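[1] Provided below are the primary sequence and the corresponding predicted coordinates.
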Amino acid sequence: MKNLNSQELLSFIEILRPKIIGSRAQKVFTQEDQLWIELYRDGRSQWLIVDISPRSLALILETKNESYERKTQKKIKNKVKPIGLFFKSHFLGRELIEISIEEPHERIVNLYFSGDKNYQMCAMLFPKGRNIILTIPEKKISWNKVYQRTALSEPYQGEVRSYEQFIKEWRQIRHGDKTKTKTNESQQNQAQALHKLEKSIEKLKQDIEKKKNRKWREVAKKLQDFGFESLSEDEKSIYWKPDLNLVNNIEHCFDQAKKNDVKLSSSVQRLTELSHQKVLLENSDSSKLATVPKRNPAVKISVGNKVQKNQTNIGNSIYIGSNARDNLDLLRKSKPWTIWFHLKDFPGAHGFLFIDKNKVPKQEELDSVAKLLVEKTFKQKAKLKAKERFDVIYTECRFVNPIKGDHIGRVNYKNEKSFVYKYE
């Protein structure tokens with residue numbers, strides 16, 4: 001269902017005004033994101049419904065038909081909200097004396113009740129500010145938090161639905177058969193997904209262009225062959241690190257060049273995937289539209305041949321580093337919730353258990369990592385450690401930080417836990 005626009009609202013108010021002005025508020029109830037007010041005039045009752053649900057913003061008038069009312073209230077239970085109690089205390093019994101639009105191009109409706117216009121209900125019927133505000137002398141209450149309003153929008157130029165057509169769509173969304181709107185919703189989903197894909201592709205193309213324009217390798221070779229003076233002023237400001245000497249700057253530039261190549265390759269691969277998804281989406285039947293496939297979130301880590309890879313009985317991956325470089329590489333590629341392990345008071349391998357977020361590792365998994373750590377740390381001498389007990393510390397990788405400038409792979413850690421493992 002399309003949102004209510006300002007031109008529609010203006011025409012609806014003109015239709016509603018002669019039907020409700022002079023009516024008296026008899027009853028009120030709230031449910032979900034709706035306020036229902038029973039208005040009584042000339043021996044006849046009607047429901048004025050203010051709907052601030054994001055998918056069905058509306059201000060409509062329903063005739064009080066007993067069978068319809070019973071059917072409706074079976075589906076929507078009366079849920080007491082503070083604004084309903086406030087209306088019941090201060091507005092019931094008062095006469096509705098005026099209804100108006102606050103500004104010509106805004107979707108804000110003010111309803112004034114008897115009491116010198118000091119008793120006011122404001123219905124804000126636009127998606128980012130949807131709200132109902134009740135005001136009486138020296139008191140005010142709102143359905144949602146009140147945010148500062150933005151500048152007035154331009155006059156609406158699109159399609160304007162009739163009041164009858166709008167009510168029909170609203171009833172289908174709120175009380176009717178939802179399958180009737182399934183085709184329209186799938187078409188909207190397709191358009192939204194396509195729009196998101198196009199934005200992602202454009203952003204990725206810009207990112208790839210930036211990576212291609214980086215000159216880390218070119219600058220490194222310049223420094224290697226001709227020294228610092230061969231760099232332009234722009235290259236010095238972007239690529240040269242004043243706190244490093246020439247040799248370290250060359251190493252730094254080559255390292256950044258390698259990282260940039262990896263990122264560029266990944267971005268190009270992702271661009272290919274998104275372009276393929278876009279083609280599938282453009283050629284798909286919206287009535288049979290499936291969710292656009294996302295990247296596989298499974299753990300995939302590219303590591304050296306020396307890194308030991310295993311799996312627990314539950315299927316979680318275990319990685320054991322062989323040296324300081326492998327340990328640091330694994331730490332950088334881990335998720336914040338990946339579990340880091342180390343044998344207390346023994347320099348050597350670091351272990352990593354890749355588990356799902358917010359999951360707690362089981363003891364058998366802890367023991368599996370500990371066994372691998374002992375074998376990796378002591379290598380051939382591990383057999384001599386049979387029956388010995390080792391203190392194993394572990395914590396999430398978010399709490400582990402490499403010591404800057406340390407070349408033997410030491411780290412700082414916190415929030416650690418420990419257990420004793422008997423090697424067999």
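    Great, that's in hand.
[2] and the next element down the chain from the lengthiest helix in the chain?
    Ranked by residue count and defined by DSSP state H, the top helix of the chain is helix 246-283. Where DSSP states H and E defines the elements, the next helix or strand beyond helix 246-283 is strand 308-311.
[3] which strand or helix spans L134?
    Using DSSP H and E, L134 falls in strand 131-136.
[4] pairing partners for that strand, with directions?
    When pairing is defined by DSSP bridges, strand 131-136 lines up against strand 119-124 (antiparallel), strand 139-142 (antiparallel).
[5] sorry, back to before: just checking, what packs against the longest helix of the chain?
    In terms of contacts (3 or more Cβ pairs under 8 Å, 6 or more residues apart in numbering; DSSP states H and E), helix 246-283 is packed against helix 182-213, helix 216-226. C-beta: built from backbone N, CA, C; applies to glycine.
[6] helix or strand with the lowest mean pLDDT in this protein?
    Lowest by mean pLDDT, DSSP states H and E among the helices and strands of the chain is helix 66-75, with a mean of 51.
[7] just so I have it, where are all the helices in the stretch 1-150 of the chain?
    6-20, 66-75, 82-90 (DSSP state H, counting those that start in this stretch).
[8] which among these is found nearest to L35?
    helix 82-90 (7.0 Å; Cβ to Cβ).
[9] any buried residues in that closest one, and which?
    Across helix 82-90, burial judged by 16 or more other Cβ atoms under 10 Å covers I83, G84, F86, F87, H90.
[10] hang on, the first one packs against F29?
    No. With the criterion set as Cβ atoms under 8 Å, I83 and F29 do not qualify as a contacting pair; they are 11.2 Å apart.
[11] Q187 and A370, how far apart?
    Going from Q187 to A370 by Cβ to Cβ, to the nearest Å gives 55 Å.
[12] more crowded one of these two?
    A370 (22 against 13; other Cβ atoms under 10 Å).
[13] surely F390 meets K344?
    Yes. Between F390 and K344 there is a contact under Cβ under 8 Å: 7.5 Å.
[14] higher neighbour count, the two?
    Legend: neighbour count by other Cβ under 10 Å for F390 and K344, higher for F390 (20 against 11).
[15] now do the contacts for the more buried one.
    L343, K344, F346, A370, V374, V420, Y421, K422, Y423 (Cβ atoms under 8 Å, 6 or more residues apart in numbering).
[16] any weak-confidence spans in the stretch 151-300 of the chain?
    151-157, 175-185, 284-300 (pLDDT under 70).
[17] reformat the helices of the stretch 1-150 of the chain as JSON lines; add distance to S275.
    Listed next are the helices of the stretch 1-150 of the chain as JSON lines, based on distance: least, Cβ to Cβ, whole Å:
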{"stretch": "helix 6-20", "distance to S275": "39"}
{"stretch": "helix 66-75", "distance to S275": "45"}
{"stretch": "helix 82-90", "distance to S275": "49"}
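[18] so which of those helices is nearest K211?
    Closest among the helices of the stretch 1-150 of the chain, using Cβ to Cβ: helix 6-20, at 44.9 Å.
[19] what comes up buried for that closest one?
    S6, Q7, E8, L9, L10, F12, L16, I20.
[20] need the CA coordinates for stretch 342-360. PDB is fine.
    Output of stretch 342-360 as PDB, limited to C-alpha atoms (Å, rounded to 0.1, in the frame of the first residue of the first chain):
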ATOM      1  CA  HIS A 342      47.100 -20.100  24.700                       C
ATOM      2  CA  LEU A 343      49.100 -22.400  27.100                       C
ATOM      3  CA  LYS A 344      49.800 -20.300  30.200                       C
ATOM      4  CA  ASP A 345      53.500 -19.700  30.900                       C
ATOM      5  CA  PHE A 346      54.600 -21.500  27.700                       C
ATOM      6  CA  PRO A 347      55.600 -19.400  24.700                       C
ATOM      7  CA  GLY A 348      54.400 -21.000  21.500                       C
ATOM      8  CA  ALA A 349      51.300 -21.600  19.300                       C
ATOM      9  CA  HIS A 350      48.100 -19.700  19.600                       C
ATOM     10  CA  GLY A 351      44.800 -21.500  19.000                       C
ATOM     11  CA  PHE A 352      41.600 -20.100  17.500                       C
ATOM     12  CA  LEU A 353      38.100 -21.700  17.700                       C
ATOM     13  CA  PHE A 354      35.600 -20.300  15.200                       C
ATOM     14  CA  ILE A 355      32.100 -20.400  16.600                       C
ATOM     15  CA  ASP A 356      28.900 -18.600  16.000                       C
ATOM     16  CA  LYS A 357      28.200 -15.300  17.600                       C
ATOM     17  CA  ASN A 358      26.800 -15.500  21.200                       C
ATOM     18  CA  LYS A 359      27.600 -19.200  21.400                       C
ATOM     19  CA  VAL A 360      29.500 -20.700  24.300                       C
END
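[21] burial count for K381?
    Other residues close to K381 by other Cβ under 10 Å number 9.
[22] phi, psi for I408 please.
    Dihedral pair for I408: phi -110, psi 10, per degrees, to the nearest 10.
[23] my read is that it contacts A324, right?
    Yes. Counting by Cβ under 8 Å, A324 is a contact partner of I408 at 5.5 Å.
[24] those two: who's more crowded?
    Taking other Cβ under 10 Å, I408 and A324 do not tie; A324 has more neighbours (17 against 9).
[25] ok, and the closest non-adjacent residue to Q311?
    In this structure, Q311 finds its nearest non-sequential neighbour in S317, 5.9 Å apart by Cβ to Cβ, 6 or more residues apart in numbering.
[26] what is that neighbour paired to in the beta sheet?
    According to DSSP bridges, beta-bridge pairing links S317 with Q311, F354.
[27] how much space between it and F352?
    8 Å.
[28] more neighbours: those two, which one.
    Shown here are S317 and F352; by other Cβ under 10 Å, F352 has more neighbours (26 against 17).
[29] okay, which residue is most central for the protein?
    Taking Cα atoms, centre = their mean as the criterion, K196 is the residue nearest the geometric centre of the chain, at 13.8 Å.
[30] now that residue: how far from S237?
    Taking Cβ to Cβ, one finds K196 at 36 Å from S237.
[31] just to check, L281 is in contact with A191?
    No. The pair L281 and A191 does not pass the contact test of Cβ under 8 Å, sitting 9.7 Å apart.
[32] settle it for me: which of the two has more neighbours?
    Neighbours were counted for L281 and for A191 using other Cβ under 10 Å; L281 has more, 18 against 12.
[33] who's V50 bridged to?
    Beta-bridge partners, per DSSP bridges, of V50: L35, L59.
[34] who touches it in this structure?
    By Cβ under 8 Å, 6+ apart, the contact list for V50 reads Q34, L35, I37, A58, L59, M121, A123, I132.
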